[in-house]
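Visitor: Following is a predicted model, sequence given first.
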Amino acid sequence: MARIDEKLEPILETVKQRNAGEPEFHQAVIEVMESLGRVVAKHPQFLDEGLIERICEPERQIIFRVPWVDDQNRVRINRGFRVQFNSALGPYKGGIRFHPSVNVGIIKFLGFEQTFKNALTTMPIGGGKGGSDFDPKGRSDGEVMRFCQSFMTELYRHIGEYTDVPAGDIGVGGREIGYMFGQYKRLTNRYEAGVLTGKGLSYGGSRARPEATGYGTVFFVRSMLDACGEGFEGKTAVVSGSGNVATFAIQKLQHYGAKVVACSDSGGYVVDENGLDLDLVREIKENRRGRISEYHRIKGTGTYFIEAGKGSIWDVPCEIALPCATQNELNGKQAATLIRNGVRVVAEGANMPCTPEAIAAFQRADVLYAPGKAANAGGVATSALEMQQNASRDSWTFEQTVDRLDDIMTNIHDVCARTAEEYGAPGDYVLGANIAGFVRVAEAMRALGVI
Ligand code: NDP
Ligand code: 2IT
């Protein structure tokens, strides 16, 4: 692992003390700081003007009570969060996550990552993230709606088209965005389409936003392979997760001729040696809101299911591995297994899915490795395209939107590759993404004075 420059160490110490007990936030900050030594050597003003300290401190953090009534008429209480991390480049922008593991440290790590990711898109969006420890699993539609309405009843006063524009993330898809938009509209008496993205097509959503993160990740992989004169044809791929990002990544990989043999959910992973039947994955996960284990039960021969804890999806041999479920889902030991089995490319569809040990192992083994803030930026970039369509009261075709996404991802790849080279580390997409994202935010902050 790269070392932190000694000039940056006191800043990191302060971040750790100020944010005690938030290991994921520390991890995200450390990963960026490891890249910044080379920047402050070249541009000492970023250090002198306190820019790194300022970038590590969220502009505003909101924590609130979310009371709701379940189907048994019992009162339930969850906690809601919105961390408005950085607005130097535009209104805060980033998803909302509903998952029982959500706490302020997780939301802060996500908001921090989002700030640099959004900068890499070159769109005018700042960084933010929100969520709740609400668990949507097993909840009825009515319960989810009442929860979303209660969540928005507090959140609405903190967001707006020019202030903060949330979207989806784990546990928040089209259904939840619809309920939240409905409640926002009702509370404010404004049809402010640009306040949320990931909306349905019938009320101001963008074509290709559901596809964008998964497709974008595969476009990024295409650029990495291109740079080495390789393609997808005949390669075997493994994609963890089976939600929004994973399913559209699988679709695009299959489109390019890769064979995707495994995917997962929090209950375990399924392998189909003939290549996954994506329609069946979607039927189980999207329509029935069921478990991926059902895939094996329905499909039978040529497939098997391994329960979580009894093995890992990263045991399945592949050349392309896309972690698309959650943070720290791929550790150093699992990375070593992937490398032993001949993995060639690892790109993060999820946010921070690889542990620092895994990243170091991939880089040592010369595996092409793309960090989430670059590889999964297609989702938020297309959210910015949705904001653009809303602002101009326009609606683009699917092809037009995907073409823009493709250009944006190609550009992010090229900027990361170029920046890595410029800073003396060719092929290091981590360094390239961190530095290119950081410099863009830091320069805007400098121009705005001490804020
Ligand atoms: P979804 O809720 O649609 O799907 C999440 C998937 O990951 C499910 O298969 C889920 O399994 C699995 N998962 C979630 N938590 C865990 C866990 N703790 N352990 C094992 N599996 C887990 O979310 P998305 O597809 O939208 O998000 C996936 C990742 O991509 C997240 O890291 C998110 O931050 C990131 N991301 C999302 C973007 C977007 O536009 N949606 C944009 C950029 C990044 P189960 O069904 O069992 O819960
Ligand atoms: O992590 C992410 O980039 C997202 N969940 C998407 C954010 C957005 O505003 O579209």
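Guide: Perfect, I can see it now. Ligands and ions are numbered 1, 2, ... in the order given.

Visitor: tell me which parts of the chain are close to ligand 1?
Guide: When proximity is defined as CB under 6 Å from any ligand atom, the chain approaches ligand 1 at 99, 168-171, 173, 213, 241-246, 265-267, 324-326, 349-351, 376, 379. (C-beta placed from N, C-alpha, C; glycine too.)

Visitor: Restricted to helices, list those.
Guide: Among these, the members falling in helices (DSSP state H) are 213, 244-246, 379.

Visitor: Residue numbers of the stretch 351-451 of the chain in contact with ligand 2?
Guide: Those residues of the stretch 351-451 of the chain that sit near ligand 2, judged by CB under 6 Å from any ligand atom, are 351, 379-380, 383.

Visitor: repeat that with 8 Å
Guide: Counting by CB under 8 Å from any ligand atom, the residues of the stretch 351-451 of the chain close to ligand 2 are 351, 372, 376-377, 379-380, 382-383.

Visitor: Out of these, which comes closest to ligand 1?
Guide: Gly379 (3.0 Å; CB to the nearest ligand atom).

Visitor: Can you check the distance spanned by stretch 54-71, start to finish?
Guide: End-to-end distance for stretch 54-71: 45 Å, by CA to CA, to the nearest Å.

Visitor: mean confidence for that stretch?
Guide: On average, the pLDDT along stretch 54-71 is 98.

Visitor: Ok, stretch 172-184 next?
Guide: Stretch 172-184 comes out at a mean pLDDT of 98.

Visitor: Buried residues in it, which are they?
Guide: Using 16 or more other CB atoms under 10 Å as the test for burial, stretch 172-184 gives 172-174, 176-181, 183-184.

Visitor: Summarise which helices and strands the longest helix belonging to the chain is packed against.
Guide: What stands out as the longest helix in the chain, according to DSSP H, is helix 398-422. Applying 3 or more CB pairs under 8 Å, 6 or more residues apart in numbering; DSSP states H and E, one finds that helix 398-422 makes contact with helix 104-121, helix 209-227, helix 372-375, helix 378-391, helix 429-447.

Visitor: So whichever residue of the chain sits closest to ligand 2: helix, strand or coil?
Guide: Residue nearest to ligand 2 within the chain (CB to the nearest ligand atom): Gly95, separated by 2.9 Å. Three-state call for Gly95 (DSSP: H, G, I helix; E, B strand; the rest coil): strand.

Visitor: Neighbours of it, how many?
Guide: Gly95 has 25 neighbours, counted by other CB atoms under 10 Å.

Visitor: Give me the pLDDT value at the spatially most central residue of the chain.
Guide: Closest residue to the average C-alpha location of the chain: Asn351 at 4.2 Å, with CA atoms, centre = their mean. Here the pLDDT value assigned to Asn351 is 99.

Visitor: For it, list the residues it contacts.
Guide: 109-110, 113, 327, 372-373, 376 (CB atoms under 8 Å, 6 or more residues apart in numbering).

Visitor: hey, which of the helices and strands packed on helix 398-422 is tucked in deepest?
Guide: Ranked by mean neighbour count, those are led by helix 372-375 with a mean of 30 (mean count of other CB atoms under 10 Å).

Visitor: Quick one: list the elements packing against that one.
Guide: Helices and strands touching helix 372-375, by 3+ CB pairs under 8 Å, 6+ apart, are helix 104-121, helix 209-227, helix 398-422, helix 429-447.

Visitor: Extract the CA atoms of the last one and return them as PDB.
Guide: Same thing as helix 429-447. Coordinates of each C-alpha in helix 429-447 appear next as PDB, following Å, rounded to 0.1, in the frame of the first residue of the first chain:
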ATOM      1  CA  TYR A 429      -6.100   4.400 -12.000                       C
ATOM      2  CA  VAL A 430      -6.400   4.900  -8.200                       C
ATOM      3  CA  LEU A 431      -3.900   7.600  -8.300                       C
ATOM      4  CA  GLY A 432      -5.200   9.100 -11.500                       C
ATOM      5  CA  ALA A 433      -8.800   9.200 -10.200                       C
ATOM      6  CA  ASN A 434      -7.900  10.600  -6.800                       C
ATOM      7  CA  ILE A 435      -5.700  13.300  -8.100                       C
ATOM      8  CA  ALA A 436      -7.900  14.400 -11.100                       C
ATOM      9  CA  GLY A 437     -11.000  14.500  -8.800                       C
ATOM     10  CA  PHE A 438      -9.200  16.300  -6.000                       C
ATOM     11  CA  VAL A 439      -7.600  19.000  -8.100                       C
ATOM     12  CA  ARG A 440     -10.900  19.900  -9.700                       C
ATOM     13  CA  VAL A 441     -12.600  20.400  -6.400                       C
ATOM     14  CA  ALA A 442      -9.600  22.000  -4.700                       C
ATOM     15  CA  GLU A 443      -9.200  24.600  -7.500                       C
ATOM     16  CA  ALA A 444     -12.900  25.600  -7.300                       C
ATOM     17  CA  MET A 445     -12.700  25.900  -3.500                       C
ATOM     18  CA  ARG A 446      -9.600  28.100  -3.800                       C
ATOM     19  CA  ALA A 447     -11.400  30.400  -6.200                       C
END
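
Visitor: Good, we can wrap up now.
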